[in-house]
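> turn this into a structure:
(one chain, ligands or ions: 1)
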Amino acid sequence: VKCSKDKLGLYLHVPFCLSKCKYCHFYSENISNFQSFKELYWKSLKRELEFFKDFNFTFETLYVGGGTPNSIPVSFLARILELVHSQLNLGKVIEKSIELNPERINKSLLDLLKAFGFNRISIGVQSFVDHELRLLGRRHTAKDAERAIKFCQDQGIENINIDLLFAFKGQTQKTWEFTIHKAIQMDVKHISTYSMTYEKGALENLVNYNPDTFVKLFKIKDKLLKSNHFRRYEISNYAKRGYECLHNLKYWLRHYYLGLGPSASGFYRAESEIRYTNPANIKDYAQGKKWVEVLTEEKALTEEIFLRIRTIYGWKADKDFLELAKSHLGPLISVKNNALKLSEKGVLVADSVTLKILELYEDYRQRT
Ligand code: SF4
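Sure, this is the predicted structure:
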């Protein structure tokens, strides 16, 4: 893995969207409220940055997400990017990503992003089928998404991710195959596939609870993507070699990161390890409120197991425990170079396998 533990990731949350998608649980305000919130957001961001400035962290990745970072005026995006760059040490950042929705991607936006050194764009495509996009409450059409990807590529951005959704009601095997084929054809380097079944805030009538459907759809994309040179390096994420997202790897490998903006969370070490989450509300965020948790060693270990077994890197454990896990979970896990991870079968029932591993390890630790 190319990212190093001693440098942090930096996440910046832009809390505005053009409208609310039906399945979304991320915090955002409607863009019609932008004028009334923009100065408060900017000032609060400045205050949060001033707090973290004194820590003198060095960063390796920057990820601007939301919300929809391209729903706000380009001039305001420039203002917040300037602010962040002036307050923190971003000189060693090697990956700068930004999430964009297909609508409102234009030359002045990309010029700004290039000037700030952005080298990775993540586009919220979700589906290449128009009636599915309407069902999900998305504003763009499949053609808009294709045009946006092509435009970014033509403007010299080759490291592009697209987000795709699966296992929602109304989607069929055929439409899912079509979407995946289209994604492959567009020559993007990274594809994130999220299943509606795991989206907490998803509307009841959009969620497909049938586990057989989930397994079928999971297998379809897994097979298609793998046979087209994508590697699944985390349970939901596929990349061509060398295009893994370093920022997201920081989350999964339990590296430290700061999150700025309402609803953002961070994880860093002061005297002990700390996780914090900002309120999902600009007004409360402006008051400097934060939910803070000091992690115990036990919690840290649970996180390490939970996060790492979903990646291809796995979780390093001692030999005796690995044997024990193999005897209980057999084909659901795979063990290589003393690292345990979910097997091809295991990823299909990831939550229950993870729980079992945590239980087994708890037992094992008490006995040894
Ligand atoms: S899915 Fe994206 S664009 Fe839609 S409401 Fe959520 S953050 Fe906004």
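> Ala339: neighbour count?
17 (other C-beta atoms under 10 Å). All C-beta atoms are positioned from the backbone trio N, CA, C, and that covers glycine.
> quick one: contacts for it?
Tyr313, Gly314, Trp315, Lys316, Ala317 (C-beta atoms under 8 Å, 6 or more residues apart in numbering).
> quick one: those as JSON lines, columns for distance to Tyr251 and secondary structure too.
As requested, these are exported to JSON lines (distance: C-beta to C-beta, whole Å; DSSP: H, G, I helix; E, B strand; the rest coil):
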{"residue": "Tyr313", "distance to Tyr251": "13", "secondary structure": "coil"}
{"residue": "Gly314", "distance to Tyr251": "16", "secondary structure": "coil"}
{"residue": "Trp315", "distance to Tyr251": "15", "secondary structure": "strand"}
{"residue": "Lys316", "distance to Tyr251": "18", "secondary structure": "strand"}
{"residue": "Ala317", "distance to Tyr251": "21", "secondary structure": "coil"}
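> filter these down to the buried ones, ChimeraX style.
Selecting only the buried entries of these in ChimeraX, with 16 or more other C-beta atoms under 10 Å as the criterion:
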select :313,314,315,317
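> ok, so of the contacts of Ala339, who is nearest Gln35?
Nearest to Gln35, judged by C-beta to C-beta, of these is Tyr313 at 45.4 Å.
> isn't that closest one right up against Glu234?
No: with contact defined as C-beta atoms under 8 Å, Tyr313 does not count as touching Glu234 (9.2 Å).
> which one of the contacts of Ala339 is nearest the ligand?
The closest of the contacts of Ala339 to the ligand turns out to be Tyr313 (C-beta to the nearest ligand atom; 28.6 Å).
> and the closest one, how far from Ile94?
Distance, Tyr313 to Ile94, using C-beta to C-beta, to the nearest Å: 19 Å.
> next: Leu165.
29 Å.
> neighbour count: these two, which is higher?
Leu165 (26 against 14).
> I figured that one was touching Gly124, is that so?
No: using C-beta under 8 Å, Leu165 is not in contact with Gly124, being 9.5 Å away.
> near the ligand, which residues of the stretch 101-250 of the chain show up?
Asn101, Gly124 (C-beta under 6 Å from any ligand atom).
> can you pull out the strands in the stretch 101-250 of the chain?
120-126, 160-166, 190-195, 231-234, 237-239 (DSSP state E, counting those that start in this stretch).
> dump those into CSV; add mean pLDDT as well.
Formatted as CSV, the strands of the stretch 101-250 of the chain follow (pLDDT from 0 to 100):
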stretch, mean pLDDT
strand 120-126, 98
strand 160-166, 97
strand 190-195, 96
strand 231-234, 98
strand 237-239, 98
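> tell me the pLDDT at the most centrally placed residue in the chain?
The structure's the chain has its C-alpha centroid closest to Asn248; by C-alpha atoms, centre = their mean the separation is 5.9 Å. Listed pLDDT for Asn248 reads 97.
> where do the helices sit along this structure?
34-53, 74-87, 107-115, 130-136, 142-154, 173-185, 211-226, 246-252, 282-286, 297-308, 319-329, 350-367 (DSSP state H).
> so of those, which one's packed in deepest?
When the helices of the chain are scored by mean count of other C-beta atoms under 10 Å, the highest mean neighbour count falls to helix 246-252 (a mean of 22).
> which residues touch that helix?
Here helix 246-252 has contacts from 1-3, 8-9, 11, 60-63, 94-95, 97, 234, 237, 255-257, 307-308, 310-311, using C-beta under 8 Å, 6+ apart.
> in strands only, show me those residues.
Of those, the ones assigned to strands by DSSP state E are Leu8, Gly9, Tyr11, Glu60, Thr61, Leu62, Tyr63, Glu95, Ser97, Glu234, Asn237, Tyr257.
> can I get these in TSV with neighbour count?
Below are these laid out as TSV (neighbours: other C-beta atoms under 10 Å):
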residue	neighbour count
Leu8	25
Gly9	25
Tyr11	22
Glu60	23
Thr61	26
Leu62	25
Tyr63	24
Glu95	23
Ser97	22
Glu234	22
Asn237	22
Tyr257	23
